[in-house]
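J.: Sharing a model prediction with you, sequence too.
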Amino acid sequence: MNESSNQIDDDLLNGVRNGSSAAWDELVSQFHGRLLSFARRRLKQNADVEDAVQETFLSLVKSLESFRGDASLETWLFQLLRRRIADAHRRAGRNPHVQLCLSDSQPDSETPGSTSQPPTDQSASWYVHNEEQRVQDQSALLQAVTAATERLKTERRFRDLKTFDLLFFAHRKNQAIAEELGLEETAVAVLKHRFIQRVSRQLESPSQDNTESGRSSELLTEVWRDGRPSCPKRTTLGKYVLGTLSDDWDDFVTFHVERTGCEFCAANLEDLSTEINTPADDSDQLLRGRILESTVGFLNHRRDQ
């Protein structure tokens with residue numbers, strides 16, 4: 001994550017926590033377009049789309065204290081929106097799984113990474129401890145993965161980034177990735193092993209080292225999905241829309257969106273294209289007004305605290 005972007009996120013959130021209407025207006029203005037674009041890809045009815053986005057902002061303002069800043073504000077909002085979309089599918093009696101990429105075959109849930117049911121005789125304290133440990137593991141791993149992927153971006157090692165996108169985001173097998181990228185299957189396995197080892201070295205303590213356990217691949221998939229470490233920054237996507245990116249970055253963005261199938265970045269690109277090429281839609285402005293109106297009570301409560 002970019003430090004200046006983090007600072008902007010922090011400033012906005014601090015303003016909202018203090019009940020600033022101006023900060024909330026800026027936050028809604030900044031994010032509601034890309035959230036709408038994402039929701040429109042997942043829901044058929046416009047009313048469902050608008051409700052999901054409005055409920056996302058309500059969820060945000062209700063859960064401000066739980067945001068730890070491990071991922072960006074945008075990533076957090078996308079996570080909240082995916083849950084609201086899943087809720088909309090449940091209400092309609094459809095499969096609630098919300099895919100993250102066009103080729104993603106893994107189910108989405110409120111508690112990602114739960115691949116099996118726990119024993120039914122476990123105590124409540126077991127569940128609390130298990131969840132706390134999962135959150136700690138995921139947080140530590142996210143920091144390490146973010147540092148490793150930022151290094152790859154700085155060094156413009158886009159082949160490696162494409163490999164990890166296909167491994168951890170699109171859930172492709174080594175052989176399929178090798179065919180996709182023109183590599184030997186053993187080369188894919190080596191890249192994966194080295195990446196896991198690099199991430200392992202960046203973890204703070206041996207107790208957090210999950211790389212030799214069955215949880216390693218599972219946690220990496222969770223982090224890649226929820227933390228979105230390979231997603232280009234919005235400023236980079238803006239340059240992509242304008243055609244001003246360098247060739248290697250342009251190629252990676254195209255691959256990330258079209259071949260990996262990242263729906264987050266696709267939504268961002270759609271929003272940016274609309275922002276650059278067309279005037280604001282009246283219905284979108286009406287929705288923005290509804291969001292601000294529906295959350296004013298929560299902001300007033302925070303201001304009075």
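T.: Yep, that arrived.
J.: Pull out the buried residues from stretch 262-274.
T.: Neighbour-count burial for stretch 262-274 flags 262-272, 274 (criterion: 16 or more other Cβ atoms under 10 Å). In this view, the C-beta of every residue, glycine as well, is placed from N, C-alpha and C.
J.: Return the set of buried residues in the host helix or strand of Arg34.
T.: If you go by DSSP states H and E, Arg34 is part of helix 21-40. Buried residues in helix 21-40, defined by neighbour count with 16+ other Cβ under 10 Å: 23-24, 26-28, 30-40.
J.: Stretch 153-170 too?
T.: Neighbour-count burial for stretch 153-170 [16+ other Cβ under 10 Å]: 153, 158, 160-170.
J.: How about stretch 39-53?
T.: In stretch 39-53, counting by 16+ other Cβ under 10 Å, buried: 39-40, 42-43, 48-53.
J.: Start and end of that stretch, how far apart?
T.: End-to-end span of stretch 39-53 (Cα to Cα, to the nearest Å): 7 Å.
J.: residues making contact with it?
T.: Residues outside stretch 39-53 that contact it (Cβ atoms under 8 Å, 6 or more residues apart in numbering): 32, 35-36, 81, 84-85, 87-88, 92, 98, 263, 266-267, 283, 287, 290-291.
J.: at 6 Å instead, please
T.: 35-36, 84-85, 88, 263, 287 (Cβ atoms under 6 Å, 6 or more residues apart in numbering).
J.: and what of stretch 256-273?
T.: 33-34, 37-38, 41, 78, 101-103, 165, 169-170, 231, 234, 237-238, 241.
J.: Could you do stretch 158-176 as well?
T.: Stretch 158-176 is contacted by residues 101, 103, 106, 152, 177, 185, 188-189, 191, 220-221, 224, 230, 248, 252, 255, 260 when judged by Cβ under 6 Å, 6+ apart.
J.: quick one on the thing from earlier: single out whichever of the contacts of stretch 39-53 has the smallest pLDDT.
T.: Minimum pLDDT for the contacts of stretch 39-53 is recorded at Leu287 (67).
J.: about what we covered before: which among the contacts of stretch 39-53 gets closest to Arg198?
T.: Minimum distance to Arg198 across the contacts of stretch 39-53 is 27.6 Å, recorded for Glu263 (Cβ to Cβ).
J.: what's the closest of the buried residues of helix 21-40 to Ile196?
T.: Phe38 (30.0 Å).
J.: which element is the nearest residue to the closest one once chain neighbours are set aside on?
T.: Nearest non-adjacent residue to Phe38, counting by Cβ to Cβ, 6 or more residues apart in numbering: Ala267, 3.6 Å away. Using DSSP H and E, Ala267 maps to helix 263-277.
J.: can you state the direction angle for that helix and helix 21-40?
T.: Angle of helix 263-277 versus helix 21-40, following axes from the mean of the first three to the mean of the last three Cα atoms, to 10 degrees, is 110 degrees.
J.: Dump the contacts of stretch 39-53 into JSON lines; add distance to Thr146 as well.
T.: Shown next, in JSON lines, are the contacts of stretch 39-53 (distance: Cβ to Cβ, whole Å):
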{"residue": "Leu35", "distance to Thr146": "22"}
{"residue": "Leu36", "distance to Thr146": "27"}
{"residue": "Arg84", "distance to Thr146": "26"}
{"residue": "Ile85", "distance to Thr146": "25"}
{"residue": "Ala88", "distance to Thr146": "31"}
{"residue": "Glu263", "distance to Thr146": "20"}
{"residue": "Leu287", "distance to Thr146": "32"}
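J.: Distance of Ala39 relative to Leu203?
T.: As judged by Cβ to Cβ, to the nearest Å, Ala39 and Leu203 stand 35 Å apart.
J.: just Asp51 next, same as before
T.: 40 Å.
J.: What of Ile291?
T.: Distance of Ile291 to Leu203, computed by Cβ to Cβ: 39 Å.
J.: the more surrounded of the two?
T.: Ranked by neighbour count (other Cβ atoms under 10 Å), Ile291 and Leu203 place Ile291 first, with 25 against 17.
J.: My read is that the more buried one contacts Gln54, right?
T.: Yes. Using Cβ atoms under 6 Å, Ile291 makes contact with Gln54 at a distance of 5.3 Å.
J.: Could you check how many residues crowd around Gly243?
T.: Applying other Cβ under 10 Å, we find 7 other residues in the vicinity of Gly243.
J.: centroid residue for this protein?
T.: The geometric centre of the chain, computed from its C-alpha atoms, lies nearest to Thr75 (Cα atoms, centre = their mean), at 3.8 Å.
J.: which non-adjacent residue is nearest that one?
T.: That would be Arg228: by Cβ to Cβ, 6+ apart, it lies 5.3 Å from Thr75.
J.: And for that neighbour, the neighbour number?
T.: Per other Cβ under 10 Å, the neighbour tally for Arg228 reads 23.
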